[in-house]
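Asks: how would this look folded up:
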Amino acid sequence: MLFTVASWAQETELRGLVVDAKTQKPLFNVTANLTNTNLSATTNEEGTFVITNPTAGSQVLLINFTGYTQKRFALEVSTTESIDLGTIYLEEDLTSEQQLSLITLTENDLGDDNSGSETTSGLLQASRDAFQQAAAFNWGQARFRVRGLDNEYGNTFINGISMNKIYDGRPQYSNWGGLNDATRNQEFTTGSMPDDYTFGGILGNQAINTRASFMRTGTRISLSGTNTNYNGRAMATYGSGMTANGWAYAASGSYRMAKEGFFDGTDYDAKSFFLAIEKKINSKHSINLSSIYAQNSRGKNSPNTQEVIDLKGYKYNSYWGYQNGKKRNSRDKDVEEPLFILSHYWNISEKSSLNTNVAYQFGKISNTRLDYNGANNPDPTYYKELPSYYMNLHNTDGANPIWAPNYTKADEARANFLENAQIDWNRLYKQNAKDSLGGASVNALYADVMQDKQLTANTLFNTQLSNIIGFNAGLTYRNLYSENYQEMIDLLGGSYLVDKDLFLKAENGDSDLNNPNRKIYEGDRYGYNYIMRANVVDLFTQFKFNFGKFDFYLAQNASYTDYQRDGLYKNGLYADTSFGKGQKVSFENYGFKGGATYKVTGQHILNFNASYYTKAPSIRNSYSNVRISDATIDGLTDEKVFGTDLSYIIRTPKLKGRIGAYFNEIKDAAEVAFFYADGIDVDTDTPSDFVSEVTRNISKQSMGLEFGAEYQATKTIKVTAAANFGQAIYSDNADVYLNVDSRRENGLNPMVNYGTSYIKNYRIAGSPQQAYSLGIEYRDPNYWWIGANANFLTDLYLDISPLLRTNNFFAEPGQSGAAFSDIDTNTARNLLKQEKLDDIFLLNITGGKSWRISGKTFGFFASINNVLGLEYKTGGFEQARNANYRELLMDHASGTRSFGPKYFYGYGRTYFLNLYINF
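Replies: The predicted structure is shown next:
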């Protein structure tokens with residue numbers, strides 16, 4: 001490296017020329033950043049960058065470009081002399097293929113059926129931090145959550161536009177799934193550190209840039225094979241770069257498919273397209289239009305009880321059955337929500353810029369399932385079809401139930417289930433064909449549909465007020481118009497279906513009293529039908545201060561959110577709260593955060609961050625039964641969120657690492673769940689009913705230590721290590737309410753207060769709370785590499801039922817709250833003990849090779865995950881059907897529960913092979 005020093009009269013510069021080490025061609029839009037300062041620059045079309053008036057003293061310059069290895073330079077910067085770094089050669093990062101090939105586990109989106117099963121791997125894949133890389137690529141298989149936090153406490157942006165859904169606060173990764181090449185330009189901000197796009201949450205922010213001129217120039221074609229959620233993928237991407245006439249174009253497309261994925265009966269079909277066009281009007285103004293179309297259809301796999309797993313194995317899926325010799329899944333998820341983003345970039349001056357974006361997204365998400373209104377439950381794992389039902393029978397004639405198993409019936413049920421373990425589609429058709437029904441269907445396939453139209457506009461201002469002070473500000477407006485309804489997909493051979501709930505009294509069963517006894521045909525809406533409107537306004541400001549060795553920042557946030565439900569059906573059970581516009585609910589929120597960085601030297605850094613903000617509850621958690629009523633949950637209020645972390649960072653030529661501690665606390669959260677419960681004391685004729693469970697005043701706390709490091713042992717060998725030692729708990733008790741339909745039918749208030757749920761110190765489920773990783777990588781000078789990592793994850797717990805931990809658990813139904821007379825304290829304690837899942841050990845191997853032939857780069861990336869083929873649970877949840885002590889005790893009688901927890905499993909041994917060509 002040649003260093004040339006020149007003198008300047010008024011100002012100094014730090015400059016360099018960045019080129020591809022293989023092709024010697026200049027690289028455009030490479031970021032050059034003086035770390036821990038507000039100063040950075042990007043390379044122009046000739047590959048040159050210039051930082052004007054760099055901060056004097058010992059500095060570290062970071063050269064970063066997606067798909068290439070980073071370079072760092074330790075510099076002594078003077079106020080009187082400029083520095084020219086000459087030509088900087090960046091080598092292709094073969095391991096970046098891992099990011100491009102990552103099958104984001106969130107695409108499986110098990111959160112459809114259980115909100116405790118998301119992972120944060122999709123959010124973290126852009127990070128270069130060794131800890132975050134381990135969390136994304138190694139621990140993501142086990143659904144590890146960084147700092148025990150849900151995705152709604154982080155933010156994902158595309159071109160400055162938030163992709164977090166207003167409905168539940170989480171990003172829908174399928175909206176850009178399969179476009180790995182087009183979305184590879186990413187930045188990640190850890191925790192509550194400062195961010196140019198947003199005030200941010202306590203988890204961190206992911207910013208994806210699809211600006212056409214920022215796309216890698218040239219063409220890339222790849223073919224992939226795997227045995228995970230899909231089997232094959234084809235992808236092609238082209239980027240023109242900025243042409244001489246000021247235009248830039250980028251396009252990408254992919255197709256992914258599987259007749260059957262890793263789990264039985266999980267088909268997959270996804271088509272994705274991307275197009276970006278940019279016009280550089282002059283040196284100050286550019287306009288970019290990015291469009292994304294990602295259609296995704298996949299069959300889901302069921303969570304299963306231990307009884308079912310023991311009988312059929314962990315790959316078993318109860319959602320499918322054969323129809324005309326082909327596997328048909330009854331639970332399909334279809335996502336089709338095109339996105340258009342128009343962006344204006346204005347370089348006001350060398351120190352100031354303004355970015356304005358307008359986005360429009362529309363389309364729908366649908367989830368299918370079977371309707372068996374008036375017929376038998378077609379689920380092959382329905383509890384009365386399994387052996388445990390007969391093994392846990394009790395004689396209840398006396399004061400205390402007596403265990404009375406029927407071994408003959410249990411054996412018959414076992415044999416029948418093993419023989420008929422899938423949905424019998426033919427039987428459903430035959431039932432609908434009965435003459436007595438007159439063409440009416442009792443079985444049908446329907447979809448829960450969410451059809452959104454969302455307009456987003458924002459403007460982001462960035463300026464360097466001086467060499468010491470930088471300032472950011474942003475204003476965002478989002479408007480949502482969401483149609484939510486049940487759609488008839490397939491009448492399964494019948495001619496029509498009557499829109500009436502036959503499990504209710506005749507006068508209450510109509511879905512729409514304005515159209516009683518309505519006949520439903522395929523394509524019609526029925527069951528429920530409402531519009532949700534929402535508005536969100538968000539403003540943030542941020543100041544960054546740089547005083548050489550000491551930097552700090554301060555940020556502020558203010559926001560306004562409102563929701564309003566507009567019911568289109570007058571439900572027979574909720575006639576007074578289902579039809580027309582409900583009351584608008586609104587929230588005014590604020591936030592403050594700050595942090596400081598102290599550079600002991602250029603290689604040793606201390607960093608501290610703290611954030612406090614209030615957060616509006618999501619639509620999902622604001623209404624007690626939003627499909628058929630506009631009633632919001634009692635005492636609806638904002639969440640209070642606090643997060644802080646402290647880190648020590650080391651950056652030497654051979655060793656890079658971070659060790660830190662974190663503490664997060666969330667208060668006044670609310671969650672809404674739906675299930676069928678037995679043993680609830682509701683002052684009606686039956687202690688059993690379908691209920692919505694509202695849990696309020698939830699307090700969560702997570703704390704722990706994070707460690708990540710990489711050591712360049714030799715020029716070719718690198719060792720990595722990462723660890724998370726954490727604890728995520730409910731830090732206080734909560735309150736539980738049930739919305740019980742049968743009470744409404746009997747003229748009573750459907751909302752029943754069950755009082756305190758004693759969940760304090762129970763673990764928060766959904767993620768291993770301890771995780772450790774050790775890896776080694778060999779990178780040969782001839783452009784091939786191989787690596788392996790071993791991972792150990794533990795402290796993974798089952799999601800608990802708040803209802804089971806209320807006083808209702810001990811109350812005998814129909815006895816005005818009096819407790820059971822035969823309660824054994826130790827037995828009760830064991831029944832309510834939270835289940836800890838087995839430890840997980842995962843061994844992964846990755847490797848790749850590239851060749852440069854006649855100006856083209858050929859290569860492959862391959863990985864084998866879970867080499868040892870471990871069968872492991874990634875999570876699960878307690879069933880709350882047996883809601884009291886006696887019911888739950890009876891369910892344990894035989895040792896095999898009828899309503900035991902349902903578990904999710906991770907993949908067994910899987911492979912991924914990607915072949916590509918760049919030219």
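Asks: going forward, measure contacts and count neighbours with C-alpha atoms only.
Replies: Noted.
Asks: show me where the stretch 51-200 of the chain has its helices.
Replies: Taking DSSP state H, counting those that start in this stretch as the test, the helices found in the stretch 51-200 of the chain are 96-101, 121-124, 130-133.
Asks: looking at these, which has the lowest confidence?
Replies: Lowest mean pLDDT of those: helix 121-124, a mean of 48.
Asks: mind pulling up the pLDDT for Asn687?
Replies: Not Asn; residue 687 is Pro. On pLDDT, Pro687 comes in at 55.
Asks: what pairs with the helix or strand hosting Ser647, parallel or antiparallel?
Replies: Assigned by DSSP states H and E, Ser647 belongs to strand 639-651. Sheet pairing of strand 639-651 (DSSP bridges) gives strand 604-615 (antiparallel), strand 655-677 (antiparallel).
Asks: please identify the deepest-packed of those strands.
Replies: strand 604-615 (a mean of 21; mean count of other C-alpha atoms under 10 Å).
Asks: roughly how far does Gln727 sit from Pro781?
Replies: Between Gln727 and Pro781 the computed distance is 42 Å (C-alpha to C-alpha, to the nearest Å).
Asks: show me which of these two is the more surrounded one.
Replies: Per other C-alpha atoms under 10 Å, whichever of Gln727 and Pro781 has more neighbours is Gln727, with 19 against 9.
Asks: the more buried one contacts Met703, correct?
Replies: Yes - between Gln727 and Met703 a contact is recorded at 5.5 Å, counting by C-alpha atoms under 8 Å.
Asks: can you pull out the strands in the stretch 1-150 of the chain?
Replies: Assigned by DSSP state E, counting those that start in this stretch, the stretch 1-150 of the chain shows strands spanning 4-7, 13-20, 31-34, 40-42, 48-52, 57-64, 71-77, 81-90.
Asks: partners of the helix or strand hosting Lys333, with directions?
Replies: Of the helices and strands defined by DSSP H and E, Lys333 is found in strand 332-336. Applying DSSP bridges, strand 332-336 is found paired with strand 285-299 (antiparallel), strand 352-371 (antiparallel).
Asks: model confidence over the helix or strand following the last one, on average?
Replies: If I follow you right, that is strand 352-371. Sequence order places helix 387-391 as the next helix or strand after strand 352-371, per DSSP H and E. Helix 387-391 comes out with an average pLDDT of 96.
Asks: ok, now stretch 67-81?
Replies: Taken as a whole, stretch 67-81 has an average pLDDT of 83.
Asks: just give me how far that stretch sits from the chain centre.
Replies: With C-alpha atoms, centre = their mean, to the nearest Å as the basis, stretch 67-81 stands 37 Å off its chain's centre.
Asks: then stretch 663-682?
Replies: For stretch 663-682 - counting by C-alpha atoms, centre = their mean - the centre lies 21 Å from the chain centre.
Asks: then it to PDB, C-alphas only?
Replies: The C-alpha trace of stretch 663-682 is given here as PDB (Å, rounded to 0.1, in the frame of the first residue of the first chain):
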ATOM      1  CA  PHE A 663     -30.900  -5.500  30.400                       C
ATOM      2  CA  ASN A 664     -34.400  -5.000  28.900                       C
ATOM      3  CA  GLU A 665     -37.800  -4.500  30.600                       C
ATOM      4  CA  ILE A 666     -41.300  -4.400  29.000                       C
ATOM      5  CA  LYS A 667     -44.300  -3.400  31.100                       C
ATOM      6  CA  ASP A 668     -48.100  -3.200  30.500                       C
ATOM      7  CA  ALA A 669     -48.000  -5.500  27.500                       C
ATOM      8  CA  ALA A 670     -51.200  -7.400  26.400                       C
ATOM      9  CA  GLU A 671     -51.700 -10.600  24.500                       C
ATOM     10  CA  VAL A 672     -54.900 -12.200  23.000                       C
ATOM     11  CA  ALA A 673     -55.200 -15.900  22.300                       C
ATOM     12  CA  PHE A 674     -58.100 -18.200  21.300                       C
ATOM     13  CA  PHE A 675     -58.800 -21.800  22.300                       C
ATOM     14  CA  TYR A 676     -61.400 -24.300  23.600                       C
ATOM     15  CA  ALA A 677     -61.400 -24.700  27.400                       C
ATOM     16  CA  ASP A 678     -62.800 -27.300  29.800                       C
ATOM     17  CA  GLY A 679     -63.200 -26.700  33.500                       C
ATOM     18  CA  ILE A 680     -63.800 -22.900  33.500                       C
ATOM     19  CA  ASP A 681     -66.200 -21.500  36.100                       C
ATOM     20  CA  VAL A 682     -68.400 -19.200  34.000                       C
END
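Asks: and for Gln815, the neighbour number?
Replies: A total of 11 residues lie near Gln815 under the criterion other C-alpha under 10 Å.
Asks: let me see the contact set for the closest residue in space to Gly261 that isn't next to it in sequence.
Replies: Nearest residue to Gly261, sequence neighbours excluded (C-alpha to C-alpha, 6 or more residues apart in numbering): Asn229, at 4.7 Å. Asn229 makes contact with 108, 258, 261-263, 266, 268, according to C-alpha atoms under 8 Å, 6 or more residues apart in numbering.
Asks: report the two of these separated the most.
Replies: The span of the contacts of Asn229, defined through C-alpha to C-alpha, is set by Asn108 and Ala258 at 13.5 Å.
Asks: return the helix or strand in this protein with minimum mean pLDDT.
Replies: The helix or strand of the chain with the poorest confidence is strand 4-7; it has a mean of 35 (mean pLDDT, DSSP states H and E).
Asks: which stretches of the stretch 451-600 of the chain have low pLDDT?
Replies: Counting by pLDDT under 70, the low-confidence segments of the stretch 451-600 of the chain come to 506.
Asks: what segments of it are strands?
Replies: All strands of the stretch 451-600 of the chain, identified by DSSP E, counting those that start in this stretch, fall at 469-490, 497-498, 519-520, 525-547, 550-567, 580-581, 585-599.
Asks: and the fourth one, what does it pack onto?
Replies: Same thing as strand 525-547. Counting contacts by 3 or more C-alpha pairs under 8 Å, 6 or more residues apart in numbering; DSSP states H and E, strand 525-547 packs against strand 469-490, strand 550-567.
Asks: who wins for proximity to Arg881 among those?
Replies: The minimum distance between Arg881 and these falls on strand 469-490, with 25.2 Å, by C-alpha to C-alpha.
Asks: just to revisit the earlier point, and the next element down the chain from the strand holding Lys333?
Replies: strand 339-346.
Asks: contacts for that following strand?
Replies: With C-alpha under 8 Å, 6+ apart, strand 339-346 has contacts from 159, 284-293, 353-362.
Asks: any idea how many residues pack against Arg414?
Replies: 18.
Asks: and what of the one 3 residues further on?
Replies: The number of residues packed around Phe417, counting by other C-alpha under 10 Å, is 19.
Asks: that one: which element?
Replies: Here Phe417 is assigned to helix 407-419, by DSSP H and E.
Asks: now the strands of the stretch 451-600 of the chain as CSV including distance to Lys312 and mean neighbour count?
Replies: Below are the strands of the stretch 451-600 of the chain laid out as CSV (distance: least, C-alpha to C-alpha, whole Å; neighbours: other C-alpha atoms under 10 Å):
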stretch, distance to Lys312, mean neighbour count
strand 469-490, 29, 21
strand 497-498, 34, 20
strand 519-520, 37, 18
strand 525-547, 34, 20
strand 550-567, 43, 20
strand 580-581, 48, 16
strand 585-599, 48, 19
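Asks: looking at the ones you listed, spot the one closest to Pro901.
Replies: strand 469-490 (28.4 Å).
Asks: how about the closest one as CSV, C-alpha atoms only?
Replies: C-alpha atoms of strand 469-490 as CSV (Å, rounded to 0.1, in the frame of the first residue of the first chain):
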residue,chain,number,x,y,z
ILE,A,469,-22.1,17.6,15.6
GLY,A,470,-24.3,15.5,13.2
PHE,A,471,-28.1,15.7,13.0
ASN,A,472,-30.8,13.3,11.7
ALA,A,473,-34.5,13.8,11.6
GLY,A,474,-37.3,11.8,10.1
LEU,A,475,-41.1,12.1,9.7
THR,A,476,-43.2,9.1,8.6
TYR,A,477,-46.9,8.7,7.9
ARG,A,478,-48.6,5.4,7.4
ASN,A,479,-52.3,4.8,6.4
LEU,A,480,-53.8,1.3,6.4
TYR,A,481,-57.1,0.1,5.0
SER,A,482,-57.4,-3.6,5.8
GLU,A,483,-60.3,-5.9,4.7
ASN,A,484,-60.5,-9.0,6.9
TYR,A,485,-62.9,-11.8,6.1
GLN,A,486,-63.6,-15.5,5.8
GLU,A,487,-63.7,-16.7,2.1
MET,A,488,-65.2,-19.9,0.8
ILE,A,489,-62.5,-21.7,-1.2
ASP,A,490,-64.0,-25.2,-1.8
